[in-house]
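S.K.: Build me a model from this:
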Amino acid sequence: MYAVANISGQSELRAFAEKWGLVYSSTADLIAFQRRRSALVERCAPPVAMPTKFGVFTAHCYRSLVDGVEHIALVKAQSGNELPHKLKPFLGSTKPALVRVHSECCTGDIFGSLRCDCGPQLEAGLRAIERDGWGVFLYLRGQEGRGIGLGAKIHAYSLQERGLDTLDANTELGLPVDSREYGTGAQILVDLGIRDMRLISNNPKKFTGLAGFGLRIVDREPSHTAPNKENIGYLRTKVQRMGHMLELGDSSDWAENGAPPPVSGGSQTSAASQDEE
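M.R.: Alright, predicted model coming up:
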């Protein structure tokens with residue numbers, strides 16, 4: 001007991017467990033285990049047709065049993081808008097579903113902020129699913145600023161204007177770089193009948209975040225949006241410090257106002273942004 005009490009970190013605890021043949025499990029592991037085996041969401045409305053400027057989808061609304069936050073999935077299926085409760089196996093389609101898991105971003109999705117690429121990624125994702133003919137655009141609410149909340153995100157912006165990048169700004173505020181979890185989103189996808197998917201994302205964390213819930217990511221589709229002068233610094237931070245899979249190109253590829261056109265491998269995000277990717 002003395003040896004365990006004097007272990008200072010997870011790496012030392014893991015080494016101690018291996019040395020003595022003990023089973024090691026962190027608190028995060030236990031939480032993830034429980035989430036995989038407990039219902040996290042419930043449907044809170046019947047499916048309804050949702051005409052958009054990108055095409056006609058079917059909206060499925062869910063409520064979290066953990067915090068009461070409501071989420072929405074826009075589904076595109078080959079047979080139109082009359083969809084069963086479960087889509088399995090997505091109306092007989094033989095290819096995996098095209099899926100975008102998009103975290104809520106008030107500033108980007110609603111106001112068109114150039115600090116992030118959330119708005120362009122939202123539109124690009126819906127266009128891609130419409131073009132593909134079937135898939136799911138899952139909009140997860142309550143994940144503003146990668147989970148830190150709207151007020152904290154704006155506070156972090158103020159620190160970024162003083163020269164800190166997005167990671168250091170969060171650290172300065174005593175906040176995590178990314179506090180999102182994907183158990184809720186994974187359970188929604190499973191309820192919709194999704195098992196195999198082609199995931200639209202530049203963020204490697206989403207791959208591990210969705211694994212272990214009966215889901216299999218068979219391919220990655222990059223999220224293409226154009227960088228702009230307001231977000232290029234943040235994009236570089238995502239690549240260099242967060243491992244995002246982006247090709248930024250040069251300044252001739254950048255959009256003047258953060259709008260499309262798309263560039264190869266490009267995902268647009270703010271130089272001072274806490275974007276959802």
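S.K.: Give me the buried positions along stretch 151-167.
M.R.: 152-153, 155-157, 159-160, 164-167 (16 or more other C-beta atoms under 10 Å). Yep, even glycine has a C-beta here, placed from its N, CA and C like the rest.
S.K.: What distance separates the opening and closing residues of that stretch?
M.R.: 16 Å (C-alpha to C-alpha, to the nearest Å).
S.K.: quick one: that stretch to chain centroid distance?
M.R.: Its chain's average C-alpha position is 20 Å from that of stretch 151-167, according to C-alpha atoms, centre = their mean, to the nearest Å.
S.K.: Let me know the pLDDT of Val239.
M.R.: At Val239, the model reports a pLDDT of 74.
S.K.: quick one: it is in a helix?
M.R.: Yes - Val239 forms part of a helix when assessed by DSSP: H, G, I helix; E, B strand; the rest coil.
S.K.: ok, now which ones touch Arg216?
M.R.: 195-197 (C-beta atoms under 8 Å, 6 or more residues apart in numbering).
S.K.: The stretch 51-200 of the chain: helices as residue ranges?
M.R.: Under the criterion DSSP state H, counting those that start in this stretch, helices of the stretch 51-200 of the chain are mapped to 118-132, 144-147, 150-160, 166-172, 183-191.
S.K.: any idea of the mean pLDDT in the longest one?
M.R.: It refers to helix 118-132. For helix 118-132, mean pLDDT rounds to 94.
S.K.: next one: the fourth one
M.R.: Here the mean pLDDT over helix 166-172 is 78, rounded to a whole number.
S.K.: what helices or strands is it leaning on?
M.R.: helix 150-160, helix 232-242 (3 or more C-beta pairs under 8 Å, 6 or more residues apart in numbering; DSSP states H and E).
S.K.: is the closest residue to Val48 other than its chain neighbours in a bridge, and if so with what?
M.R.: Once flanking residues are discounted, Val48 sits nearest to Ala59: 5.3 Å by C-beta to C-beta, 6 or more residues apart in numbering. Per DSSP bridges, the residues bridged to Ala59 are Val48, Leu74.
S.K.: ok, Tyr234 touching Arg115?
M.R.: Yes - in this structure Tyr234 lies within contact range of Arg115 using C-beta atoms under 8 Å: 7.4 Å.
S.K.: Quick one: low-confidence residue ranges for the protein.
M.R.: Applying pLDDT under 70 to the chain flags residues 1-11, 26-36, 78-94, 179, 207, 209, 212, 240-243, 245, 248-277.
S.K.: got the domain boundaries for it?
M.R.: 2-37, 41-253 (automatic domain parsing).
S.K.: Mind listing what's buried along stretch 101-109?
M.R.: Buried residues in stretch 101-109 (16+ other C-beta under 10 Å): 101-105, 107-109.
S.K.: Farthest-apart pair in the residues you listed, please.
M.R.: Using C-beta to C-beta, the two most remote members of the buried residues of stretch 101-109 are Val101 and Thr107, lying 19.1 Å apart.
S.K.: one step back: using CSV, please lay out the helices and strands packed on helix 166-172 together with distance to Leu122.
M.R.: Shown next, in CSV, are those (distance: least, C-beta to C-beta, whole Å):
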stretch, distance to Leu122
helix 150-160, 17
helix 232-242, 17
